[in-house]
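In: Next comes the sequence, and after it the predicted model I'd like to discuss.
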Amino acid sequence: MSNHNPSIQEIKTIKDAENAIKKIQCDPDSIPIMTPKMIHRVIQFEQILLQDAIIIKQDMLSIGGEVAVPKHTFQLGDIPATILIIGTVQQHKKLVEKLNRHYPRIQLIARELESILKTIL
């Protein structure tokens with residue numbers, strides 16, 4: 001039996017994260033810093049060219065996230081694939097910044113990722 005009453009908190013939106021932080025009377029200035037770190041999302045993209053998948057994976061790994069790609073990705077075939085981008089909201093936002101530094105096709109993926117992140121209110 002635990003003396004500390006551990007429990008899992010369901011944090012699905014930024015608002016949920018803000019409320020949880022406020023509930024424990026944390027410093028209000030820390031809210032915008034911590035909330036994007038409290039929400040983890042797996043975002044699926046379809047029809048991604050394999051060379052783009054590799055770039056996305058490398059960029060996400062560099063900021064502590066992950067990208068699941070098909071086994072055959074590194075063979076660089078012509079068939080587009082579905083990928084899973086895995087990370088916190090903060091990591092996804094950093095990924096958007098990184099992807100915007102690449103060529104236009106990757107920048108389009110960055111814009112699509114940024115757009116879906118806005119739904120996590």
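Out: Good, I have the coordinates.
In: which residue is nearest the centroid of this structure?
Out: Nearest to the mean C-alpha position of the chain, counting by Cα atoms, centre = their mean, stands residue 92 at 3.2 Å.
In: So for that residue, what pLDDT did the model give?
Out: With respect to pLDDT, residue 92 scores 98.
In: what's it sitting at in phi/psi?
Out: The phi/psi pair for residue 92 (degrees, to the nearest 10) reads phi -60, psi -40.
In: got the contact list for the residue lying closest to it once chain neighbours are set aside?
Out: The spatially closest residue to residue 92, leaving aside those adjacent along the chain, is residue 117, at 5.6 Å (Cβ to Cβ, 6 or more residues apart in numbering). For glycine as for every other residue, the C-beta is placed from the backbone atoms N, C-alpha and C. For residue 117, the contacting residues are 89, 92-93, 96, by Cβ atoms under 8 Å, 6 or more residues apart in numbering.
In: Quick check on these: which are buried?
Out: The neighbour-count test (16 or more other Cβ atoms under 10 Å) marks 89, 92, 96 as buried among the contacts of residue 117.
In: In contact with the nearest residue to the first one once chain neighbours are set aside, which residues?
Out: I take that to be residue 89. Using Cβ to Cβ, 6+ apart and skipping residues adjacent in sequence, the residue nearest residue 89 is residue 36, 4.2 Å away. By Cβ under 8 Å, 6+ apart, the contact set of residue 36 is 14, 17, 88-90, 93.
In: Which of the residues you listed fall within helices?
Out: Within the contacts of residue 36, residues falling in helices by DSSP state H are 14, 17, 89-90, 93.
In: Kindly reformat the contacts of residue 117 as a markdown table containing distance to residue 66.
Out: Putting those into a markdown table (distance: Cβ to Cβ, whole Å) gives the following:
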| residue | distance to residue 66 |
| --- | --- |
| 89 | 15 |
| 92 | 12 |
| 93 | 16 |
| 96 | 16 |
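In: Now do the contacts for the residue nearest to the centre of the chain.
Out: Counting by Cβ under 8 Å, 6+ apart, the residues that residue 92 touches are 41, 43, 65, 85, 113, 117.
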